[in-house]
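>>> Build me a model:
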Amino acid sequence: MTRSSPAWTLSLALLALALLAPLAGCGGGGGSGDPEPLLAGNVSGALDNETFTAVNGFAVVGADSHTLIGVGDGPLNCASPDQPDPPPGMMASISLPSDAVGTYGSVMITVYVNRSGFQGVGSNDGTVEITASTPESIAGSVSYSASPGGEHTVSLNGTFEVVRCAD
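As a prediction, the model looks like this:
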């Protein structure tokens, strides 16, 4: 990922969200509209001793095919990336260079907790396999376990199929 790439820009935007969210207070929302339930799969994650199993998720694909996948137990939907505050609960973001079927290594994955406070931890140590990519959904699997900086343990593992948001 280069500093001029959309994935880098997206990662910076997510980092900014993580840094600014505590100043905005807890709560927030997933965005306008109902949560987008997982279409299929079983993906779960952890940040230190807090765990979640995703029930909602979405995929946003940019004009250049850079893809953001979000999964979590909070009210995530296609409007979530544009909201000023993160939704309550636990969630993870997966930043991919493409929505094409294939296996991707060194994927940036961040797990967020927004319960009594807000925290996000991640690194580019994930592996994602996209098994299907249609105009309606993106499906695949994720394998991620890391200890970025040695301070936290973070993981995201399992299969998913999420709605593909309109361009």
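>>> Look up which residues are beta-bridged to the residue nearest to the spatial centre of the chain.
Residue closest to the average C-alpha location in the chain (Cα atoms, centre = their mean): residue 93, at 1.4 Å. Beta-bridge partners for residue 93, by DSSP bridges, are residue 70, residue 110.
>>> Assign the residue nearest to residue 38 when sequence neighbours are not counted to helix, strand or coil.
Nearest non-adjacent residue to residue 38, counting by Cβ to Cβ, 6 or more residues apart in numbering: residue 57, 5.0 Å away. In short, each C-beta sits where N, CA and C put it, glycine included. Secondary structure, DSSP: H, G, I helix; E, B strand; the rest coil: residue 57 is strand.
>>> And residue 57, how far from residue 37?
8 Å (Cβ to Cβ, to the nearest Å).
>>> So the residue nearest to residue 38 is in contact with residue 73, correct?
No. Contact criterion Cβ atoms under 8 Å: residue 57 and residue 73 do not qualify, at 10.3 Å.
>>> by contact count, what packs against the longest strand along the chain?
Secondary structure of the chain per DSSP state E: the longest strand is strand 118-133. Using 3 or more Cβ pairs under 8 Å, 6 or more residues apart in numbering; DSSP states H and E as the contact criterion, the elements in contact with strand 118-133 are helix 6-24, strand 89-96, strand 102-114, strand 137-146, strand 154-164.
>>> Can I get the second one in CSV, CA atoms only?
Coordinates of each C-alpha in strand 89-96 appear next as CSV, following Å, rounded to 0.1, in the frame of the first residue of the first chain:
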residue,chain,number,x,y,z
GLY,A,89,-20.4,-2.7,19.9
MET,A,90,-17.4,-4.5,18.4
MET,A,91,-16.5,-4.5,14.7
ALA,A,92,-13.6,-5.0,12.3
SER,A,93,-12.5,-3.3,9.1
ILE,A,94,-10.7,-5.1,6.3
SER,A,95,-9.0,-3.0,3.7
LEU,A,96,-8.3,-4.8,0.4
